[in-house]
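Asker: Sequence first, then the predicted structure:
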Amino acid sequence: MGFLFYLICAMAHLTLFEFNHLVKSTLEKTLEPSYWVVAEISEMRLNQKGHCYMEVVEKEGSFVTAKIRANIWAYTYRNLSGWFEAMTHTPLKPGLKILFNAKVNFHEVYGMSLTINDIDPKFTLGERAQKRQEVIDQLVQDGVFDMNKALVLPDIPQRVAVISSETAAGYGDFQDQLANNPRGFAFQTQLFPALMQGDQAPESIINALLEINERKDDFDLVVLIRGGGGQADLDCFDDYNLTSHIAQFPLPVVTGIGHERDVTITDLVAHTKMKTPTAVAEFLVLGLENFDDRLNESLYRIERAAVRHLQFGSLKLQSLGNKLQITTNTRINQAHQKLTNQAVALKFASQEHIKLGKVKLQQLGTPLKRVTTHQLEREAQRLELFEKSLALASPESVLKRGYTITRVNGQLIGKAKLKPGDQMETIAAETKVSSEIKSIK
């Protein structure tokens, strides 16, 4: 009992260093050389020598249930980070959940920490795929996943709303490709600037969509483009709120996010996915070329149909002309024959009438001659009387009997409107007198 009491008292008076050393020794004797641990990177920084210092945590919702410091020495970090990014297409960064192999360290001064020796990228791929699948499942459950794809792409997509960063090289490539299209099609584009990477990108793109929605009648479709970049830059395009807005947008959305090997959820819910901004421009130009080709083909078919109709009409007219000519000739021949027959009949009938007329004339000739002679004598006497009457009524005879003819301004005095100053001419049998009217009573 006395010895035990001594030990207890001795232990109760350990220095802190002795206590920490005891903990360190106990841990080294008790724990395995390393453990595979699942945790989320909450903080991460690199120092000048290339060492990586982390803080890894475990959460329930937003509540941190466990936390510990961890480090990856420079040589190991260079190998691990490159391998991890090559496998997952995303770098190590805060917010990633990883499966790592670590050794437990306990230092008398710095306390407990972990030294990470290895990271399994397959676990992170599975976690990332699981999160993506959860977003996809939610969109399907909401009934919006295929809504944008159900919209009809316009035949002539020339009025384009563009969501991109104004300084992005991909935006410049897109504009150049449209402006220099081979057939010189004109496109009307308007940029709605937005952040295209980072945590604030989803909200920025949604704001651009809302702005476009207020003027949706001014545009045929929406283009969402950005240039190349790291895999981590694409995480914003898997955001549920962003993809939900795109899926339900009332205009077709065409994406050109700039990665050939990666497909984001934004690409999945958009109407059409293209690999790059340049490919999006080529897609729009191709749409107009197809419409132009169909239009030219239709015009060619109309022209061919018109030519065929004209040829058919010409043949039909020619056939009708031939039939009309034959019919006309037949009718003319028939009419000519009829006229010939009528002429012969008329000739015979005329000859008979003439013969009858001659007989009647011979019968009427003698009485008519006597009546005619008597009538001519009577008419001759009447003409003689008319000549004597006309001679007595002629102006010369009237003037010789002492009468005169008076004219005013070239008109007979009975028809002229007289007024003082008019010139009056009086004609007698052998004289002509000119005078001026002084007054009228």
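Answerer: Cool, got the structure.
Asker: quick one: contacts of stretch 116-131?
Answerer: Residues from elsewhere that reach stretch 116-131, judged by C-beta atoms under 8 Å, 6 or more residues apart in numbering: 34, 36, 38, 54, 70-72, 76, 80, 83-84, 87-88, 90, 92, 96-103, 238. (Each C-beta comes from the backbone N, C-alpha and C, glycine too.)
Asker: Just the ones of those residues in strands?
Answerer: Applying DSSP state E to those, the entries found in strands are 36, 38, 54, 70-72, 97-103.
Asker: Please produce a ChimeraX select command covering the buried subset of these.
Answerer: In ChimeraX, this line selects whichever of the ones in strands among the contacts of stretch 116-131 come out buried by 16 or more other C-beta atoms under 10 Å:
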select :54,70,71,72,97,98,99,100,101,102
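Asker: and Q141, how many neighbours?
Answerer: Q141 has 9 neighbours, counted by other C-beta atoms under 10 Å.
Asker: So M424: helix, strand or coil?
Answerer: strand (DSSP: H, G, I helix; E, B strand; the rest coil).
Asker: who's in contact with it?
Answerer: With C-beta under 8 Å, 6+ apart, M424 has these contacts: T406, R407, V408, I413, S434, S435, E436, I437.
Asker: Across the sheet, point out what pairs with the first one.
Answerer: Note on T406: beta-bridge partners by DSSP bridges are T426.
Asker: Could you report the pLDDT at it?
Answerer: Looking at T406, its pLDDT reads 85.
Asker: What separation is there between it and L299?
Answerer: 91 Å (C-beta to C-beta, to the nearest Å).
Asker: The second one now?
Answerer: Per C-beta to C-beta, R407 is found 85 Å from L299.
Asker: With neighbour numbers in mind, choose between these two.
Answerer: Taking neighbours as other C-beta under 10 Å, R407 and L299 compare with R407 leading, 15 against 10.
Asker: Could I get the contacting residues of that one?
Answerer: So R407 contacts I413, A416, M424, E425, I427 (C-beta under 8 Å, 6+ apart).
Asker: Would you mind putting these into TSV with distance to I119 alongside?
Answerer: Converted to TSV, the contacts of R407 look like this (distance: C-beta to C-beta, whole Å):
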residue	distance to I119
I413	143
A416	138
M424	145
E425	145
I427	149
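Asker: Please, where are all the strands along the chain?
Answerer: 35-46, 52-60, 63-72, 97-107, 111-120, 159-164, 188-193, 221-225, 253-256, 272-274, 405-408, 411-412, 423-427, 432-436.
Asker: Compare these and report which one is nearest to L234.
Answerer: strand 253-256 (11.2 Å; C-beta to C-beta).
Asker: List the pairing partners of the closest one within its sheet, with orientation.
Answerer: Counting by DSSP bridges, strand 253-256 is paired with strand 221-225 (parallel), strand 272-274 (parallel).
Asker: Give the rounded mean pLDDT of the first one.
Answerer: Here the mean pLDDT over strand 221-225 is 94, rounded to a whole number.
Asker: Residues in contact with that strand: which ones?
Answerer: Counting by C-beta under 8 Å, 6+ apart, 153-154, 157, 160-164, 168, 170-171, 174, 205, 209, 212, 246, 249, 251-258, 266, 270-271, 277, 280, 284 sit against strand 221-225.
Asker: I only care about those that end up buried; give me the ChimeraX line for that.
Answerer: Filtering the contacts of strand 221-225 down to the buried ones (16+ other C-beta under 10 Å) takes a single ChimeraX command:
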select :157,160,161,162,163,164,168,170,171,174,205,209,212,246,249,251,252,253,254,255,256,257,258,266,270,271,277,280,284
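Asker: Helices - which of the contacts of strand 221-225 land there?
Answerer: Counted as lying in helices by DSSP state H, out of the contacts of strand 221-225, are G170, Y171, F174, I205, L209, I212, I246, T266, P277, V280, L284.
Asker: now the residues you listed as TSV including pLDDT and distance to H336?
Answerer: Putting those into TSV (pLDDT from 0 to 100; distance: C-beta to C-beta, whole Å) gives the following:
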residue	pLDDT	distance to H336
G170	84	90
Y171	89	89
F174	91	84
I205	94	93
L209	95	89
I212	95	85
I246	95	89
T266	91	91
P277	91	86
V280	92	82
L284	91	76
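Asker: now, which of those sits nearest G198?
Answerer: Nearest to G198 among the ones in helices among the contacts of strand 221-225: I205, at 11.2 Å, using C-beta to C-beta.
Asker: Next one: the closest one from K49, what distance?
Answerer: I205 sits 39 Å away from K49, going by C-beta to C-beta.
Asker: how many neighbours does K275 have?
Answerer: There are 16 residues near K275, going by other C-beta under 10 Å.
Asker: G414 now?
Answerer: Neighbour tally, G414, other C-beta under 10 Å: 7.
Asker: Same question for L46.
Answerer: Considering only other C-beta under 10 Å, L46 is surrounded by 13 other residues.
Asker: what's near enough to touch the residue sitting nearest the centre point of the chain?
Answerer: Centrality entry for the chain: nearest residue to the mean C-alpha point is I156, 3.7 Å, by C-alpha atoms, centre = their mean. Neighbour list for I156: D220, G287, L288, F291 [criterion: C-beta under 8 Å, 6+ apart].
Asker: Domain-wise, how is the protein divided?
Answerer: Per the record, the chain has its domains at 10-133, 156-290, 398-436, by automatic domain parsing.
Asker: end to end, how far does the longest one reach?
Answerer: What it means is domain 156-290. 9 Å (C-alpha to C-alpha, to the nearest Å).
Asker: picking that back up, go through the contacts of R407 and say which is closest to D137.
Answerer: Using C-beta to C-beta, the contacts of R407 come closest to D137 at A416, 121.0 Å.
Asker: what does the model give the closest one for pLDDT?
Answerer: 67.
Asker: Low-confidence bits of the stretch 301-441 of the chain, can you list those?
Answerer: Applying pLDDT under 70 to the stretch 301-441 of the chain flags residues 365-366, 368, 415-416.
Asker: if you set the cut-off to 80 instead, what comes out?
Answerer: 303, 357-373, 389, 391-398, 400-402, 410-417, 429 (pLDDT under 80).
Asker: Could you pull out the helices in it for me?
Answerer: Along the stretch 301-441 of the chain, counting by DSSP state H, counting those that start in this stretch, helices occupy 395-400.
Asker: before we move on, back to that, of the contacts of R407, which pair is most distant in space?
Answerer: It's A416 and I427 that sit farthest apart of these, by C-beta to C-beta, at 15.0 Å.
Asker: Quick one: buried ones out of the contacts of R407?
Answerer: Of the contacts of R407, these count as buried by 16+ other C-beta under 10 Å: M424.
Asker: ok, the contacts of R407 vs T30, which is closest?
Answerer: Closest approach between the contacts of R407 and T30, by C-beta to C-beta: A416, at 159.7 Å.
Asker: number of nearby residues for K432?
Answerer: Applying other C-beta under 10 Å, we find 10 residues neighbouring K432.
Asker: Noted, bye for now.
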